[in-house]
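Asker: My questions are about this predicted structure, shown below with the sequence.
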Amino acid sequence: NAGVMQNPRHLVRRRGQEARLRCSPMKGHSHVYWYRQLPEEGLKFMVYLQKENIIDESGMPKERFSAEFPKEGPSILRIQQVVRGDSAAYFCASSRQADYGYTFGSGTRLTVV
Amino acid sequence: SQQGEEDPQALSIQEGENATMNCSYKTSINNLQWYRQNSGRGLVHLILIRSNEREKHSGRLRVTLDTSKKSSSLLITASRAADTASYFCAVPNFGNEKLTFGTGTRLTIIP
């Protein structure tokens, strides 16, 4: 059981480029969550998805950010036209059902230069 | 917001001592969860305690929940250097169960 797989581990983008972060949930988990963490801070919720559905995107910035969890393949967090303020660690988590504990991936550290 | 808040923000103790961290939250919950994060890594789920439970144990970890006070505590007994990490409590958002995390307690175990 490989756990939650996130890639890439580190991503460097220039301002204005697009960043694509991938997350493969644990086998048997149908709930996927994305969080952002700034240095020395807690995790901020971004979006909660199930297969082909966005359940809650209340933490997503209205512009430039989007997420999907297609029927086949990993969940994708997409950030268009990145800015320096997007630099952070982005964590994906999955769970078997809504009121179970989460399993987290190791995160993607995005640096915008 | 249903965010859990940990207290203290930082804690340093000698190896072998017990460490206690507290969490407070705002509204009714059906469960509360504790996670550990080592520097630069993802979070690891430690314990989930449900609203009808008052205490739960897992190895050297003991979690209590007082729903009347809307608070929880995490006790780590006989601490080890490897326990050095940040510890977060998380509570589900009523309705869709997404977890909201506090800012964490940074625990340092001094060898």
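Answerer: That came through, no problem.
Asker: Can you pull the residues of chain B lying near chain A?
Answerer: Taking C-beta under 8 Å from any C-beta of the partner chain as the contact definition, chain B meets chain A at B:30-31, B:33, B:35, B:41-45, B:48, B:88, B:92-93, B:96-104. The C-beta positions use only the backbone N, C-alpha and C, and glycine is treated the same way.
Asker: center of chain A, which residue is that?
Answerer: Residue closest to the average C-alpha location in chain A (C-alpha atoms, centre = their mean): A:Trp34, at 3.8 Å.
Asker: ok, for that residue, nearest residue in space, not its chain neighbours?
Answerer: Leaving aside its sequence neighbours, A:Trp34 sits nearest to A:Met46 (C-beta to C-beta, 6 or more residues apart in numbering or on different chains; 4.4 Å).
Asker: quick one: the residue lying closest to B:Glu17 once chain neighbours are set aside from B:Asn38, how far?
Answerer: With C-beta to C-beta, 6+ apart as the criterion, B:Glu17 has its nearest non-adjacent residue at 5.7 Å, and that residue is B:Ser79. Distance, B:Ser79 to B:Asn38, by C-beta to C-beta, to the nearest Å: 15 Å.
Asker: between those two, who's got more neighbours?
Answerer: For B:Ser79 versus B:Asn38, neighbours defined as other C-beta atoms under 10 Å in any protein chain shown are more numerous around B:Ser79 (20 against 13).
Asker: Could you report the distance from the residue nearest to B:Glu17 to B:Thr67?
Answerer: Using C-beta to C-beta, one gets 28 Å for the distance from B:Ser79 to B:Thr67.
Asker: ok, now A:Thr103?
Answerer: A:Thr103 is 26 Å from B:Thr67, where distance means C-beta to C-beta.
Asker: Return the residues of chain A in contact with chain B.
Answerer: A:4, A:33, A:35, A:41-43, A:45, A:48, A:55-56, A:91, A:93, A:98-107.
Asker: Show me which of these are buried.
Answerer: Neighbour-count burial (16 or more other C-beta atoms under 10 Å in any protein chain shown) is assigned, among the residues of chain A next to chain B, to A:4, A:33, A:35, A:42-43, A:45, A:48, A:55-56, A:91, A:93, A:98, A:100-107.
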